[in-house]
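Trainee: structural data only, the sequence is not supplied:
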């Protein structure tokens, strides 16, 4: 009898975690145009890195396969971009040759810059405090009028080179995370607002329709304060921008030495975004756009969750939870060509990127490339961990996933947990049913991301984590993690118009069904 009770308890506990799930949609029941806030913007490390050939090659691929519209990065005004100096009499000298190379390339891809105005050119800075290996100056300007003149001159240059109508489609964001003092800003909140005021005036002096916003804060900070300042002082404010990350501690740890723990809060990330939207709605400027210009599971480029297969489902879960609250959600960042802590010495080091330095696609990359396969019309869908869509050709896409936070909690850092081989457990079956389809022949493509499926880090672990990868090793990992369908089937839909399929799913699996009308 005791043995029977033990077996019964075990069965019930397994069923508790491995519950079957049904996703049912109808081709004829539209939910409207698909909200593509997930691919409006993507992050990159700093402007100077964008002059590298490998960075540009990677962005070309990312644009083609993920179709991000805007790109944002630090350091546009830092000295390695050679933008500003002064002559012996203290007169400003402006130079945009490096900026032009970068912006010409971005626009050649049919992308647009989300222009972050920072950091301070050393010749214009009031102090010597810097951040990062590449020494971005984080002090206020020694002369706010010269700061305004620089921003106006730069904006005028953009208008002349790219045309007023083009620049009207850009965003100008003043600084980065000024609430992290002394990290990103040695001044006070009042001094940041002064910096913002002068920059906004410089931009609007060129064209009143050019868009400027901020405060680009860490941890969703200063949103009501920024709106109140702008309204009270009649300062232009066209959008709110801020940041959020999914770990519990701090906001700045470029070396990953303090350790991070993935938040167990189911509403991490999305809770901040939804709250920011409420703050805007309840303000005197209730219609402002909301741009989360940085977000990720973790704020450090030394966190192995970024390399782990867990990230793919995590990204999709958070984007789905955000819904319509944000105008854009800019993932930080597209590539591990990223030198805040200096050049990195190993091919997988927990970097922020969707791609590693060699251009190997991490599981996180496929979250975005699969999202980009969704059609332009969303279908009504009650399942909270999936998107259903269709396109004008009659194709139907169903992207679904399981997100399970398997992290053991405060007793272990991400840096210890996600570097291990972490087999995924079964989570039951998913039954798919799509009604209302046109009669005829279809091709079903099935894509999958999960443990050892488009899981480059698992292959790297299997190689015993070499500190350097040979060309053959890089090519081998790329070939195994290329994102092609794991299965292709021929399907015939009869007059009933119903497609159904059942499959097993594991923790943190991501699956796309692409039903292509022939």
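Mentor: Noted; the coordinates are in hand. Keep in mind the model is a prediction, meaning the values are calculated, not measured. Residues are numbered from 1 along each chain as shown.

Trainee: ok, residue 70 touching residue 44?
Mentor: No. Judged on CB atoms under 8 Å, residue 70 makes no contact with residue 44 at a distance of 10.9 Å. Bear in mind the C-beta positions are built from the backbone N, C-alpha and C, glycine included.

Trainee: pick out whichever of the two has more residues nearby.
Mentor: When neighbours are counted by other CB atoms under 10 Å, residue 70 and residue 44 differ, and residue 44 comes out ahead with 26 against 22.

Trainee: ok, that one - contacts?
Mentor: 50, 55, 59, 71, 72, 73, 333, 334, 335, 338 (CB atoms under 8 Å, 6 or more residues apart in numbering).

Trainee: can you flag which of the residues you listed belong to strands?
Mentor: Among the contacts of residue 44, DSSP state E puts 71, 72, 73 in strands.

Trainee: closest one of these to residue 295?
Mentor: Closest approach between the ones in strands among the contacts of residue 44 and residue 295, by CB to CB: residue 72, at 11.7 Å.

Trainee: hmm, back to that, for the ones in strands among the contacts of residue 44, which one is nearest residue 107?
Mentor: Nearest to residue 107 among the ones in strands among the contacts of residue 44, with distances taken as CB to CB, is residue 71, at 10.6 Å.

Trainee: mind listing the residues bridging to that closest one?
Mentor: Note on residue 71: beta-bridge partners residue 42, residue 113, judged by DSSP bridges.

Trainee: tally of neighbours for it?
Mentor: By other CB under 10 Å, 23 other residues sit near residue 71.

Trainee: pretty sure it sits against residue 42.
Mentor: Yes. Residue 71 lies in contact with residue 42 (CB under 8 Å); the separation is 5.6 Å.

Trainee: pull out the buried positions in stretch 132-149.
Mentor: Buried residues in stretch 132-149, counting neighbours by 16 or more other CB atoms under 10 Å, are found at 132, 134-141, 144, 146-149.

Trainee: in strands only, show me these.
Mentor: Using DSSP E, the subset of the buried residues of stretch 132-149 located in strands is 136, 137.

Trainee: so which of the buried residues of stretch 132-149 is the closest to residue 301?
Mentor: Nearest to residue 301 among the buried residues of stretch 132-149, with distances taken as CB to CB, is residue 132, at 10.6 Å.

Trainee: any idea how far residue 370 is from that closest one?
Mentor: The gap separating residue 132 from residue 370 is 33 Å, by CB to CB, to the nearest Å.

Trainee: same deal with residue 95?
Mentor: From residue 95 to residue 370 the distance is 42 Å (CB to CB).

Trainee: the two - which one has more neighbours?
Mentor: Of the pair residue 95 and residue 370, residue 370 is the one with more neighbours under other CB under 10 Å, namely 26 against 12.

Trainee: was I right to think residue 351 contacts residue 336?
Mentor: Yes. Between residue 351 and residue 336 a contact is recorded at 3.6 Å, counting by CB under 8 Å.

Trainee: so what sits against both of these two?
Mentor: Residues touching both residue 351 and residue 336 (CB under 8 Å, 6+ apart) are 301, 344, 357.

Trainee: now, which of the residues you listed lie within strands?
Mentor: Among the shared contacts of residue 351 and residue 336, none falls in strands (DSSP E).

Trainee: of the residues you listed, which is the most crowded?
Mentor: residue 301 (25 neighbours).

Trainee: what residues does it make contact with?
Mentor: Shown in contact with residue 301 (CB under 8 Å, 6+ apart): 254, 256, 336, 338, 340, 341, 344, 349, 350, 351, 352.

Trainee: at 7 Å what do you get?
Mentor: Residues near residue 301 by CB atoms under 7 Å, 6 or more residues apart in numbering: 254, 338, 340, 341, 350, 351, 352.

Trainee: before we move on, what about residue 512?
Mentor: With contact set as CB under 7 Å, 6+ apart, residue 512 has these partners: 370, 373, 397, 399, 447.

Trainee: can you give me the helices for the stretch 401-518 of the chain?
Mentor: Under the criterion DSSP state H, counting those that start in this stretch, helices of the stretch 401-518 of the chain are mapped to 414-417, 456-462, 471-480.

Trainee: do the chain as well
Mentor: For the chain, helices defined by DSSP state H occupy the ranges 2-17, 53-66, 97-108, 144-162, 164-167, 189-206, 223-233, 270-281, 310-322, 363-371, 414-417, 456-462, 471-480.

Trainee: low pLDDT regions in the protein?
Mentor: Flagging of the chain using pLDDT under 70 yields the residue ranges 1-18, 249-257.

Trainee: could you redo the last one with a cut-off of 50?
Mentor: 1-17, 250 (pLDDT under 50).

Trainee: still on that earlier bit, any idea which of the buried residues of stretch 132-149 is closest to residue 507?
Mentor: Among the buried residues of stretch 132-149, residue 132 lies closest to residue 507 (CB to CB), at 35.9 Å.

Trainee: surely the closest one and residue 340 touch.
Mentor: Yes. Counting by CB atoms under 7 Å, residue 132 does reach residue 340; the two are 4.5 Å apart.

Trainee: residues of stretch 261-275 that come out buried?
Mentor: Residues 261, 262, 263, 268, 269, 270, 271, 272, 273, 274 are the ones in stretch 261-275 that count as buried (16+ other CB under 10 Å).

Trainee: swap that for stretch 328-342, please
Mentor: 328-341.

Trainee: can you check stretch 74-85 too?
Mentor: Neighbour-count burial for stretch 74-85 flags 74, 75, 76, 77, 78, 79, 81, 83, 84 (criterion: 16+ other CB under 10 Å).

Trainee: for stretch 56-64, same thing?
Mentor: 56, 58, 59, 62, 63.

Trainee: before we move on, what about stretch 448-467?
Mentor: Buried residues in stretch 448-467 (16+ other CB under 10 Å): 448-451, 453-461.

Trainee: residues making contact with it?
Mentor: By CB under 7 Å, 6+ apart, stretch 448-467 touches 307-309, 312, 345-348, 360-363, 366, 421, 423-424, 473, 477, 480-481, 483, 486, 506, 508-511.

Trainee: separate out the buried members of those residues.
Mentor: Judged by 16+ other CB under 10 Å, buried ones among the contacts of stretch 448-467: 307-309, 312, 347-348, 360-363, 366, 424, 473, 477, 481, 483, 506, 508-511.

Trainee: ok, now how distant is the residue positioned nearest the centre of the chain from residue 42?
Mentor: The centroid of the chain falls nearest to residue 331 when counting by CA atoms, centre = their mean (0.9 Å). For residue 331, the distance to residue 42 equals 6 Å [CB to CB].

Trainee: quick one, domains of the protein?
Mentor: Using automatic domain parsing, the domain parsing of the chain gives 20-32+380-517, 35-376.

Trainee: most packed of those?
Mentor: domain 35-376 (a mean of 20; mean count of other CB atoms under 10 Å).

Trainee: how distant is it from the center of its chain?
Mentor: 11 Å (CA atoms, centre = their mean, to the nearest Å).

Trainee: so residue 138 touches residue 126, yeah?
Mentor: No. Shown here, residue 138 and residue 126 do not form a contact pair, counting by CB under 7 Å, at 10.6 Å.

Trainee: which ones are touching residue 354?
Mentor: Residues near residue 354 by CB under 7 Å, 6+ apart: 334, 362, 364, 365, 368.
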